[in-house]
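**Student:** okay, structure incoming, though there's no sequence with it:
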């Protein structure tokens, strides 16, 4: 075998090894990526057990959407809600329990990769689950609120609920009713980003800050890394959330 032939073989061998190494690294990266996105902050089991035991509420899950409806009379108002990043979508059902029991229909989206910003579910697909609803709102927690703003220009939407969140697209020229809820113990939301994004909202935007609530207080899950320490109980915060929504959003 000539020296040139041996050198060529060694080169090809190195190329093959490099190629397989690169492919293996890519596959490992993809697997780690998918694993990371599918590890979610779980919903609190006791809170969910209590929610599902409520006979005033019916829940149906299908095709990436969770529909919660009152078993009694409906108010003909509905909310399509987007979860925070990597939070179990079911964690938000207890947040709205009292409102649902009193007549509000809620559709919680189970987003792609557990990230609302990646979700491409058409809003109509969610609202079609409850054709009897005549007034729809969209909302979300944290990055879920950013996603809610992105679909708020739909003609079916009357208002937006932002929980520990803000808009990244311009809704300032709309006549939407927008309700922003914050917690004074939130250690995750960026106050500067909230302030800068305020120009994207209508001047009629209504904002409330709940004393003792942190970032995770808006759902039945937690604790969440980097968050502040909540001093208000979950039931206290949920009561404040539901009362504020009823008084400022659902009255329209």
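**Tutor:** Structure received. All of these numbers come straight from a predicted model, not from anything done at the bench.
**Student:** confirm residue 180 sits in a strand?
**Tutor:** Yes: per DSSP: H, G, I helix; E, B strand; the rest coil, residue 180 lies within a strand segment.
**Student:** now for it: which residues touch it?
**Tutor:** By Cβ atoms under 8 Å, 6 or more residues apart in numbering, the residues touching residue 180 are 162, 165, 166, 201, 205, 206, 207, 208. Every residue, glycine included, has its C-beta placed from N, CA and C.
**Student:** now do the fifth one against residue 61, distance only.
**Tutor:** Shown here: residue 205 relative to residue 61, a distance of 33 Å by Cβ to Cβ, to the nearest Å.
**Student:** what's in contact with stretch 88-95?
**Tutor:** By Cβ under 8 Å, 6+ apart, the list of residues contacting stretch 88-95 reads 40-44, 47-48, 50-51, 59, 66, 68, 81, 83, 100, 106, 108-111, 141, 218-221, 238, 241-242.
**Student:** before we move on, the earlier item: who has more neighbours, residue 205 and residue 61?
**Tutor:** Between residue 205 and residue 61, counting by other Cβ atoms under 10 Å, residue 205 is the more crowded of the two (18 against 13).
**Student:** which one is residue 61 nearest to, not counting chain neighbours?
**Tutor:** residue 67 (7.4 Å; Cβ to Cβ, 6 or more residues apart in numbering).
**Student:** for the spatially most central residue of the chain, give me phi and psi.
**Tutor:** The residue lying closest to the centre of the chain (Cα atoms, centre = their mean) is residue 83, at 1.7 Å. Main-chain torsions, residue 83, degrees, to the nearest 10: phi -70, psi 160.
**Student:** going forward, count from 9.
**Tutor:** Sure, I'll start numbering at 9, so the last one becomes residue 91.
**Student:** dump the residue contacts of the closest residue to residue 138 other than its chain neighbours.
**Tutor:** Using Cβ to Cβ, 6+ apart and skipping residues adjacent in sequence, the residue nearest residue 138 is residue 113, 4.8 Å away. Residues in contact with residue 113 (Cβ under 8 Å, 6+ apart) are 75, 76, 77, 78, 82, 85, 86, 87, 138, 141.
**Student:** I appreciate the help and will end here.
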